[in-house]
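*Asks:* from the sequence below, what's the structure:
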Amino acid sequence: MNEAKFLRAASRRAVLCAATGAVALAGAASAGAAEEAGPDAELLRLLAEMAAIKHEADGLSDQASHVQFADPKHARLQARAAEIMRGWEDRRRRVVLIPARTRAGLQAKARAALDLVNLNEDGSPIDDEAMYWSVLKDVLAGAPG
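*Replies:* All right, here's what the predicted structure looks like:
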């Protein structure tokens, strides 16, 4: 994803990301503490790191949105957010290769995936991603398999 597209997407979802990022971080951290030596320890650690990174990048993007585009501070904030997101992308690549082995791991992974669904302005998923959004919501709600 190019930097400009990321920053637009980050701004568009700032409120949702802040809420889901905080929930994911709290959920992954508490699950991680409970399963420190468990089979999903690495997965939960990476997901918690992703949530913290995303929260930091969203904060920088939000700051940039309040700075005049011509102001050099705007470019510095955008560059820092893009740099931070490279760390997020590295962790995402690792997370997709790690299968969740516990319910806590599966739900933490679903929370992180839900944050990647593209949303309309009203918070509903775009048509092409509605099925993904629905399945992720089911997983998080603990719907029977």
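
*Asks:* report pLDDT for residue 104.
*Replies:* Confidence at residue 104, expressed as pLDDT, is 90.

*Asks:* so it: helix, strand or coil?
*Replies:* Here residue 104 is recorded as helix under DSSP: H, G, I helix; E, B strand; the rest coil.

*Asks:* count of residues packed around it?
*Replies:* 20 (other C-beta atoms under 10 Å). Bear in mind the C-beta positions are built from the backbone N, C-alpha and C, glycine included.

*Asks:* do the one 5 residues further on as well
*Replies:* In terms of burial, residue 109 registers 24 neighbours under the definition other C-beta under 10 Å.

*Asks:* for it, which residues are in contact?
*Replies:* Counting by C-beta atoms under 8 Å, 6 or more residues apart in numbering, residue 109 makes contact with 43, 47, 95, 100.

*Asks:* try it again at 10 Å.
*Replies:* By C-beta atoms under 10 Å, 6 or more residues apart in numbering, the residues touching residue 109 are 24, 28, 40, 43-44, 46-47, 95-96, 98-100, 136, 139.

*Asks:* would you turn those residues into CSV with secondary structure?
*Replies:* Below are the contacts of residue 109 laid out as CSV (three-state DSSP):
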residue, secondary structure
24, helix
28, helix
40, coil
43, helix
44, helix
46, helix
47, helix
95, helix
96, coil
98, coil
99, coil
100, coil
136, helix
139, helix
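
*Asks:* just the buried members of those residues?
*Replies:* 24, 28, 40, 43-44, 46-47, 95, 98, 100, 136, 139 (16 or more other C-beta atoms under 10 Å).

*Asks:* wait, which of those is closest to residue 56?
*Replies:* For the buried ones among the contacts of residue 109, the minimum distance to residue 56 (C-beta to C-beta) is 13.8 Å, reached by residue 24.

*Asks:* now, which of the contacts of residue 109 sits nearest residue 78?
*Replies:* Distances from residue 78 to those, taken by C-beta to C-beta, are shortest for residue 24, at 23.9 Å.

*Asks:* quick one: the helices in this protein, in order.
*Replies:* 3-12, 14-34, 41-65, 72-95, 103-114, 130-141 (DSSP state H).
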